[in-house]
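Participant: Quick one: sequence plus predicted model below, questions after.
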Amino acid sequence: MSSRRTERLLNLVICLAATRRWLTKEQIRAAVPQYADGDTAEAFDRMFERDKEDLRDLGIPVVTGTDERWFDDEPGYRIDRDDYALPPIELDAQELAVVGLASRVWQQAGLAGPAARALTKLTALGVDTDDAGAGLEPRIRTPEPAFGPLYAATRDRQAVSFSYRKPNGDLAVREVEPWAVASRNGRWYLIGNDRGRGAARVFRLSRIESDVKRRGRTGAYGVPESLDAQSMIGKHVPPVDDRVATVLLRTGRGAGLRRQVVASVPSAQRPGWDELQIRIGDAGMLAQSLAGLGPDAIALEPADLRGEVVRRLKGALATQAELAAPEQLITPEETIDVVSQP
């Protein structure tokens, strides 16, 4: 199921569960933003009938009825809350811990934008809504600055442009129609139509090195119904790097990096340092972590990982030189010297 269809079903559930009144088809069509894709009443009817069956197959009780103010031939729809509500649940300590971890994803007490607008439209149509959906918005934390802008552009179907570091190290500007943002093996990817190449492409978010800029109007393109983000990532993304890197890390530093260690011994050449063996997995992400530790980390081998760390540090210095006033510029020569010399 495509991400857009999933979002449409979620908004339909919120719409039908937000009121105890029966909602007509026209009220539902006006409230759920994704139904604007149906250019005609017939297209909307087909979409809505399919969505109702999907929800019922998922065990969500969508029921049909009428209000005494309407004619008998104008049915209304809502979700039966008594059948939809969960029975009392008892969790043991381990289950509570898992639920606690999962709850960290839900950060903001407020509905996501499209769902909130759906309830606003219902209110404008004279339908009293409850707070059934209050407090629901999935918020995912990632280290990638591009995640938020790309997720928003995907939701709004608006093209974007950004500077992208290709696997060979070259920098290129890409203009993309975002289809989906997905995670695989701890990394985040953008899937979309590359306008410059005229074809679907996959972009790793950690390689986006500029601000994401929006292009054109919202709703300017469609997302393929058959989109399978994970399959596309699998076709375009190289396998996990199983090599082991040798890294020097100052004692007491890099707690997060130490969780990935295969082996660790005190360094014989550098007192106060540890020599670590770390499975690479993703050379770009490991290089980013090492560069973030500055003079407290040294990548010894392999050579390509070492070169990527140096490149990132030099890029950070160049950016600082452009942004800082001369009297504020601090050049950490120690950082480049340490990573450049074993």
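Facilitator: The structure has been received and is ready for your questions. Worth saying up front: this structure is predicted, and the values here are computed from it rather than measured. Numbers count the residues shown, from 1 in each chain.
Participant: State the mean pLDDT of the strand of greatest length in the chain.
Facilitator: Ranked by residue count, the top strand of the chain under DSSP state E comes out as strand 171-184. The average pLDDT for strand 171-184 rounds to 91.
Participant: CA atoms of it as PDB?
Facilitator: Only the C-alpha atoms of strand 171-184 are listed here, as PDB (Å, rounded to 0.1, in the frame of the first residue of the first chain):
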ATOM      1  CA  LEU A 171      28.700  17.600  -5.900                       C
ATOM      2  CA  ALA A 172      25.600  18.100  -8.000                       C
ATOM      3  CA  VAL A 173      22.300  20.000  -7.800                       C
ATOM      4  CA  ARG A 174      19.200  17.800  -8.100                       C
ATOM      5  CA  GLU A 175      15.600  18.800  -8.700                       C
ATOM      6  CA  VAL A 176      13.200  16.100  -7.500                       C
ATOM      7  CA  GLU A 177       9.500  15.400  -7.100                       C
ATOM      8  CA  PRO A 178       9.500  13.700  -3.700                       C
ATOM      9  CA  TRP A 179       7.400  10.500  -3.500                       C
ATOM     10  CA  ALA A 180       8.400   9.100  -0.100                       C
ATOM     11  CA  VAL A 181      10.900   9.200   2.700                       C
ATOM     12  CA  ALA A 182      11.800   5.800   4.000                       C
ATOM     13  CA  SER A 183      14.400   4.200   6.400                       C
ATOM     14  CA  ARG A 184      16.500   1.100   5.700                       C
END
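Participant: So what angle separates the directions of whichever helix or strand comes after it and strand 171-184?
Facilitator: Downstream of strand 171-184, the next assigned helix or strand under DSSP states H and E is strand 187-194. Between strand 187-194 and strand 171-184, the angle comes out at 120 degrees (axes from the mean of the first three to the mean of the last three CA atoms, to 10 degrees).
Participant: let's number from 100 now, not from 1
Facilitator: Okay, residue one is now 100; in that scheme the one you just asked about reads as strand 286-293.
Participant: Any idea how far the very next helix or strand once past strand 286-293 is from the middle of the chain?
Facilitator: For strand 286-293, the following helix or strand on the C-terminal side (DSSP H and E) is strand 298-303. Per CA atoms, centre = their mean, to the nearest Å, the displacement of strand 298-303 from the mean C-alpha position of its chain is 15 Å.
Participant: what does strand 298-303 rub up against?
Facilitator: Defining contact as CB atoms under 8 Å, 6 or more residues apart in numbering, one finds that strand 298-303 is touched by 263, 273, 275, 278, 286-293, 331-332, 334-336, 383. To be clear about C-beta, it is placed using only N, CA and C from the backbone, and glycine gets the same treatment.
Participant: Enumerate the positions of the longest strand of the chain that are buried.
Facilitator: For strand 270-283, a neighbour-count test (16 or more other CB atoms under 10 Å) marks Arg273, Glu274, Val275, Glu276, Pro277, Trp278, Ala279, Val280, Ala281 as buried.
Participant: and it, what other elements does it pack with?
Facilitator: The contact analysis (3 or more CB pairs under 8 Å, 6 or more residues apart in numbering; DSSP states H and E) places strand 270-283 against helix 246-255, strand 258-264, strand 286-293, strand 298-303, helix 328-335.
Participant: for this protein, which spans come out with low pLDDT?
Facilitator: 100-102, 136-137, 166-172, 184-242, 285, 337, 419-441 (pLDDT under 70).
Participant: What segments of it are strands?
Facilitator: Under DSSP E, the chain gives strands at 161-164, 175-178, 258-264, 270-283, 286-293, 298-303, 312-314, 340-349, 360-365, 372-380, 396-400.
Participant: possible to save those as CSV with distance to Lys151?
Facilitator: Shown next, in CSV, are those (distance: least, CB to CB, whole Å):
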stretch, distance to Lys151
strand 161-164, 5
strand 175-178, 7
strand 258-264, 33
strand 270-283, 25
strand 286-293, 29
strand 298-303, 31
strand 312-314, 35
strand 340-349, 46
strand 360-365, 52
strand 372-380, 44
strand 396-400, 56
